[in-house]
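> Let's see this in three dimensions:
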Amino acid sequence: MTTNLDLIAAHYEASARGDLEGMLAPLADDIRWTEAAGFPLAGTYVGPQAVLQNVFAALAKDWDDFGVDLERLLDAGERIVAVANYRGKNKKTGKTLLTRVVHLWEVADGKAVSFEQIVDSVPVLEAMS
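Alright, predicted model coming up:
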């Protein structure tokens with residue numbers, strides 16, 4: 001049986017492989033995915049296709065080697081907390097990025113139903129300007 005922690009861990013494992021299909025697989029059809037205010041992609045996107053277009057594709061357009069270096073996952077039952085760092089190189093400026101991030105996930109019926117990003121946006125914006 002796959003646990004909630006396993007489900008979210010699989011998302012990050014797919015991300016590390018560059019496997020978009022694997023990254024989207026744990027997401028519910030109506031997932032509410034929220035990128036933090038102040039982050040360049042700020043907003044709430046509903047559904048895997050909206051996440052793909054407005055987050056993953058947008059990041060790939062602006063960043064080389066953008067990635068999430070997962071430090072740890074914390075299991076709180078239906079809620080999973082990821083502690084990590086974002087890294088990458090901005091395509092426009094050539095500047096590198098390293099910033100701390102926390103992801104808050106909620107899982108129901110074997111699918112991720114919500115995601116919220118908490119991030120220090122200042123290093124992101126500095127790398128982009």
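
> Pretty sure A36 is one of the things A42 touches, is it not?
Yes. Under the criterion of C-beta atoms under 8 Å, A42 makes contact with A36 at 6.2 Å. For the C-beta atoms, the positions are set from N, CA and C on the backbone; glycine is no exception.

> the more surrounded of those two?
With other C-beta atoms under 10 Å as the criterion, A42 and A36 differ in neighbour count, and A36 comes out ahead with 17 against 12.

> Can you name the residues that contact the more buried one?
For A36, the contacting residues are 42, 116-119, 121, by C-beta atoms under 8 Å, 6 or more residues apart in numbering.

> any idea how far it is from G18?
Remark: distance between A36 and G18 (C-beta to C-beta, to the nearest Å) = 24 Å.

> what are the ranges of the strands in this structure?
Taking DSSP state E as the criterion, the chain contains strands spanning 27-35, 43-46, 63-76, 79-90, 96-108, 111-119.

> elements contacting the fifth one?
In other words, strand 96-108. Packing contacts for strand 96-108, counted by 3 or more C-beta pairs under 8 Å, 6 or more residues apart in numbering; DSSP states H and E, involve helix 4-17, strand 63-76, strand 79-90, strand 111-119, helix 121-128.

> nearest to G47, of those?
In this view, the helices and strands packed on strand 96-108 are compared for proximity to G47 by C-beta to C-beta, and strand 111-119 is the closest at 11.3 Å.

> Show me what the closest one is packed against.
Helices and strands touching strand 111-119, by 3+ C-beta pairs under 8 Å, 6+ apart, are helix 4-17, strand 27-35, strand 96-108.

> Pull up the pairing partners for that strand, direction included.
With DSSP bridges as the test, strand 111-119 is paired with strand 27-35 (parallel), strand 96-108 (antiparallel).

> Out of those, flag the one nearest Y86.
Once these are compared by C-beta to C-beta, strand 96-108 is nearest, at 5.2 Å.

> Nice, that's everything, thank you.
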